Structure formats: structure tokens, C-alpha cells
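A.B. asks: prediction below, plus the sequence it came from.
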Amino acid sequence: MSSPVILALTAGEPAGIGPELCLQLAGETRQPGIVVIASKSLLAARAKNLGLAVELHDWQPGQLPETRAGHLSVRHVDGCHSETAGHVDSANSQYVLDTLTIAAEGCLKGDFDGMVTAPVHKGVINEAGIAFSGHTEFLQELCGVERVVMMLATEELRVALVTTHLPLKDVPEAITPERITQVTRILSADLKTFFGIEQPRILVAGLNPHAGEGGHLGREEIDVIEPTLEKLRAEGIELTGPLPADTLFTPHWLDNADAALAMYHDQGLPVLKFQGFGRAVNITLGLPIVRTSVDHGTALDLAGTGKSDAGSLHTAIRVGEQMALCRKAANAGEYS
Ligand SMILES: NC(=O)c1ccc[n+]([C@@H]2O[C@H](COP(=O)([O-])OP(=O)(O)OC[C@H]3O[C@@H](n4cnc5c(N)ncnc54)[C@H](O)[C@@H]3O)[C@@H](O)[C@H]2O)c1
Ligand SMILES: N[C@H](C(=O)O)[C@H](O)COP(=O)(O)O
């Protein structure tokens, strides 16, 4: 029998809902094994505030994590200076990044089969003087890979992005043949590896209104996107587009596709979140490790109330486990 999957779960921004979502998991027995990467005293304080009876156990590499209801394995991380729900403190920023580094390095070393992330607050990390645009870019750099892909998914819809956390004014310049090529190849390959889709069918959005209206509303489709898609089709990747983004997300196209590729964050993610906010997963494709995340942010307005919904965290864990099993199977095949 293969060894059980162990996922690292980073608790995210201390003032946000991440710590309590981690504690909520301990309410019932769970599969796979979860190790929360966080300050133990932060978790204990939040559990006390919420009246949750959770016994926290120190975890060491090589140990099987607790799966019993009422128990949670924790890899303690120092440096959490303030623990008040709803009030961010930039002094916690290095601690937050340390939790990500510990989880990712644990995955690279084989202590964990994947990592799941609760939300961080990008603004407060930057206020500490640390340039940070998101987990996606942070993990890309930490893992030393040239390109990764952000994809959010529900049971019904997958939306991947050519560009991620960029100011809108910088997007057109970032839509290059090289970036489109790298992103599309990663998306197509990982849909095969992790989602069992033999020949992924990908819809590609244009950048401009009406996909440029034949060049009258912008030329990126004619000059950059279409010629790049043509080369990728010659590699055997099944691509439709560039399509006007406003009608791409309709059943006419989506019913015969496996994923949509949007050119920028707010072209694709509002559609996905309108369709499935609270039960979607955010996946980083193209990494040497498995990483999934919740679809929501720190929800400072809800932190400490115990009213946050753990639906997306459950999806992130379930998809993270499936991806970890696919990777284990692929590795076993490679070396057998
Ligand atoms: N994975 C991540 O790390 C991640 C993802 C998105 C946003 N963020 C960060 O979160 C911060 C706040 O972002 P925002 O306000 O745009 O989005 P948000 O998702 O935190 O909040 C949007 C709304 O959804 C509600 N909400 C969010 N999660 C919920 C849950 N689990 N249960 C019930 N209601 C929930 C909030 O109360 C709020 O009303 C920003 O700094 C942003 O960068 C982080
Ligand atoms: N773009 C994501 C979303 O809207 O859900 C979110 O900001 C998280 O991104 P990272 O996983 O890169 O932190």
C-alpha cells in the first residue's frame, strides 16, 4: 500500500480567517494528514477566543500527523508578534513568509506531499518593506522555475491566467509570445498530468474588447496572440481563440472546453468567483511541488467571529491530495 498523503497547511495572515479555518478542520476526523505551519500560540489563542477544544501536537518530519477529531499537528513557527483577529500588523510579515518557506522547502525535501495555503494579506507584507505580489510568484522564485500558471477551478469551470498580479497598465506589455507559449504549454501538460485529460481543449481570450474587433480596438490579438496560438497548435495543443472575453464564458464555448485561458487577473477570476466563490480552489501549475489554495482572501471583517466558511479550504485540500497522488504515481512509474 502506498504511504498516506501528508499536506502542509500554512495558516496565512494571523489577523485573518486562516488560523480559525485551520482549527475548524480539527472538528472532525480527516484525510489526508494535515500539518499546520503556524505559530502554536496564535492557534491556541484563536481556539480559546472561539471556544474550540483543539489539542495542538508538535510535529516533526517523519511523523504521521494527527487525524483524530479534536487534535491537530502543528509545525510551530516563531516570529508572530501580534495575534489579534481583524488587526493586521506588518511586524508579522516575515513570520508569514517563513511559514510559506518552511512548507515549500518541506515539500522539496519530501517531508510533505504538497502544500495548501490559507490567505495572506499582500498589502501588509509590502508595508513591511518586503516586495510580495502573491504566493504564486513567491513560490515560483523559491522553487527556481521560470514560469508558473495560476489556475482557479470549480467542479464546472477552470480558469487560468497569462498574467497574475500585475497593475492593469503593465498587462499589454507582458502579453508576449514567450509568456503565452510557456503558460499554454504548462496548462496543457498539467491538465493531462493532474486532471487526467488526454487532449485538453483550451479556450483563449483576447486582450481587447471584442478581441480587438479586427484591429480597430487594439492589435495584440493580430500581432501577438493569434500567431503564437498558431505555433502552439502546430505542437498539437488544442486551442480556440483568441475569443472575445465577454462571450467566451458562455455555454456555447464552455460546454466543449476543459479550461479557459484569460489574459489578466480580472478578466478571468470574477467569472470564476461569481460562479463558485467559496467552493473553488486556486492551483499553481508548473511548480516542482503541489500547491493549492483557498479562493478567498483574509476576510478581516469575519476574523475571530467563527463565521467563516471552510468550503474552499476543503476543496483545496481535496484537490491537493488528488494532485499529490498523481505526482506520487507519476514518480513511481518513472523509477519502476
Ligand atoms: N490566497 C490568498 O492568499 C488570497 C486570495 C485572495 C485575496 N487575498 C488577500 O486578501 C485580502 C483581502 O481581500 P478581499 O477583501 O478582496 O477579499 P476577501 O476574500 O478577503 O473578502 C471578500 C468578501 O468575501 C467574504 N469572505 C471571504 N472569505 C470568506 C469565507 N471563507 N467565508 C465567508 N465569507 C468570506 C469577506 O468577508 C468579504 O466580505 C487582500 O490583501 C488580498 O490580497 C489573498
Ligand atoms: N489571485 C488570487 C485570487 O484572487 O484568489 C489571490 O490573490 C491569491 O493569489 P496567490 O495564490 O498568488 O497568493
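C.D. replies: Nice, thanks for sending it over. Ligands and ions are numbered 1, 2, ... in the order given.

A.B. asks: was I right to think A15 contacts V88?
C.D. replies: Yes - using CB atoms under 8 Å, A15 makes contact with V88 at a distance of 4.7 Å. Glycine gets a C-beta too; all of them are placed from N, C-alpha and C.

A.B. asks: any residues in contact with both of these two?
C.D. replies: Here A15 and V88 have H121, T298, L300 as joint contacts, going by CB atoms under 8 Å, 6 or more residues apart in numbering.

A.B. asks: now do the SS call for the residue in the stretch 151-300 of the chain that ligand 1 sits nearest to.
C.D. replies: Here the stretch 151-300 of the chain gets closest to ligand 1 at one residue, G297, 2.3 Å apart by CB to the nearest ligand atom. Using DSSP: H, G, I helix; E, B strand; the rest coil, the structure places G297 in coil.

A.B. asks: in the sheet, who's paired with R158?
C.D. replies: A153 (DSSP bridges).

A.B. asks: now do the contacts for it.
C.D. replies: R158 neighbours (CB under 8 Å, 6+ apart): M151, L152, L191, D258, A259, A260.

A.B. asks: can you put those in TSV and add pLDDT, neighbour count and secondary structure?
C.D. replies: Listed next are these as TSV, based on pLDDT from 0 to 100; neighbours: other CB atoms under 10 Å; DSSP: H, G, I helix; E, B strand; the rest coil:
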residue	pLDDT	neighbour count	secondary structure
M151	98	28	strand
L152	98	24	strand
L191	98	22	helix
D258	98	18	coil
A259	98	22	strand
A260	98	27	strand
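
A.B. asks: state the distance from the closest residue to H87 other than its chain neighbours to L42.
C.D. replies: Excluding the flanking residues, the one nearest H87 by CB to CB, 6 or more residues apart in numbering is A15, at 5.3 Å. Per CB to CB, to the nearest Å, A15 is found 10 Å from L42.

A.B. asks: get me the contact residues on the chain for ligand 1.
C.D. replies: 17, 117, 119-123, 135, 282, 293-294, 296-299, 301-302, 308-309 (CB under 6 Å from any ligand atom).

A.B. asks: the nearest residue to T154 once chain neighbours are set aside: neighbour count?
C.D. replies: Using CB to CB, 6+ apart and skipping the chain neighbours, the partner closest in space to T154 is G276 (3.4 Å). For G276, the count of nearby residues is 20 (other CB atoms under 10 Å).

A.B. asks: list the contacts of G276.
C.D. replies: T154, E155, E156, L157, D295.

A.B. asks: L272 is in contact with the third one, correct?
C.D. replies: Pointing back at E156 there. No - using CB under 8 Å, E156 is not in contact with L272, being 9.8 Å away.

A.B. asks: looking at those two, which has the bigger crowd around it?
C.D. replies: Looking at E156 and L272 with other CB under 10 Å, you find the greater number of neighbours at L272, namely 23 against 10.

A.B. asks: right, and the residue of the stretch 151-300 of the chain closest to ligand 1 touches T117 too?
C.D. replies: No - in this structure, G297 is not within contact of T117 by CB under 8 Å, at 11.7 Å.
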